[in-house]
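**Student:** Model the following, please.
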Amino acid sequence: MNKMMIVSLFAATLVVFVVFGLYNARQLKYIQITKSITINNSIEEVFDMVLYLDNFPKWSPFLAQDPNQKYKITGIDGTIGAKYHWEGNKGKDLGLQEIVSITENKSIKMICDIQKPFAAKPIFDYSFKTTKEGILVTQNFQLESGLMDAFFMWLFGVKSKMEKTNEQGLQLLKKSLENV
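**Tutor:** Alright, predicted model coming up:
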């Protein structure tokens, strides 16, 4: 094969890869992940574990993945406007989550402001329902992004990692409430 043919083949492969990636990225511009878990405890205990940001280190999947993560809480914990700030991964992860809505023993909404390693503003909606088996906690995660951010999320398999992290968080929440 001559050099021109190799370059042409490489260029064609690159174009196909980028087109395929952008096609798949369009599906990741809006990500919604819904996970649920049933916890054997009172509605008040379960609700308060999520509501009070001071409790988050007990069930944070991010802290479990990075035990050296630094965090602080600002505002009045357990109220609208309270914020959980974090810095982890030796300064490579930075952001905060803020409580924006509370319906007592029913739902909590938090908006994150991630500044590093990429800019994003995901939303976490938690709902709580008493069932015969215990308290059903449903976490609804939503993230909207631009096409280029979605392309890189596709390239690095971010949605799958998000799903695993959200599942880990709910498992840790259950463990923190049932093993007290």
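**Student:** Show me the helices in the chain, by range?
**Tutor:** Here the chain has its helices, by DSSP state H, at 3-26, 43-51, 56-59, 61-65, 147-155, 158-178.
**Student:** Flag every buried residue along the shortest one.
**Tutor:** So that's helix 56-59. Using 16 or more other Cβ atoms under 10 Å as the test for burial, helix 56-59 gives 56, 57, 59. C-betas here are computed from N, CA, C, even on glycine.
**Student:** Just the C-alphas of it, formatted as CSV.
**Tutor:** The C-alpha trace of helix 56-59 is given here as CSV (Å, rounded to 0.1, in the frame of the first residue of the first chain):
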residue,chain,number,x,y,z
PHE,A,56,-24.5,12.7,52.9
PRO,A,57,-20.9,11.4,53.7
LYS,A,58,-22.6,8.4,55.3
TRP,A,59,-24.0,7.3,51.9
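**Student:** Which elements pack onto it?
**Tutor:** helix 158-178 (3 or more Cβ pairs under 8 Å, 6 or more residues apart in numbering; DSSP states H and E).
**Student:** So which bits of the helix it packs on are buried?
**Tutor:** Buried residues in helix 158-178 (16+ other Cβ under 10 Å): 158-159, 162, 165-166, 168-170, 172-174, 176-177.
**Student:** Columns distance to residue 145 on top of those residues, output as a markdown table?
**Tutor:** Converted to a markdown table, these look like this (distance: Cβ to Cβ, whole Å):
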| residue | distance to residue 145 |
| --- | --- |
| 158 | 10 |
| 159 | 11 |
| 162 | 12 |
| 165 | 17 |
| 166 | 17 |
| 168 | 22 |
| 169 | 21 |
| 170 | 23 |
| 172 | 26 |
| 173 | 26 |
| 174 | 30 |
| 176 | 31 |
| 177 | 32 |
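**Student:** about what we covered before: which of the buried residues of helix 56-59 sits closest to residue 73?
**Tutor:** residue 56 (8.5 Å; Cβ to Cβ).
**Student:** need the contact list for that closest one.
**Tutor:** 63, 71, 84 (Cβ atoms under 8 Å, 6 or more residues apart in numbering).
**Student:** and if you look at residue 91?
**Tutor:** residue 116.
**Student:** can you tell me how far the closest residue to residue 54 other than its chain neighbours sits from residue 102?
**Tutor:** Leaving aside its sequence neighbours, residue 54 sits nearest to residue 77 (Cβ to Cβ, 6 or more residues apart in numbering; 5.3 Å). From residue 77 across to residue 102, the span is 12 Å (Cβ to Cβ, to the nearest Å).
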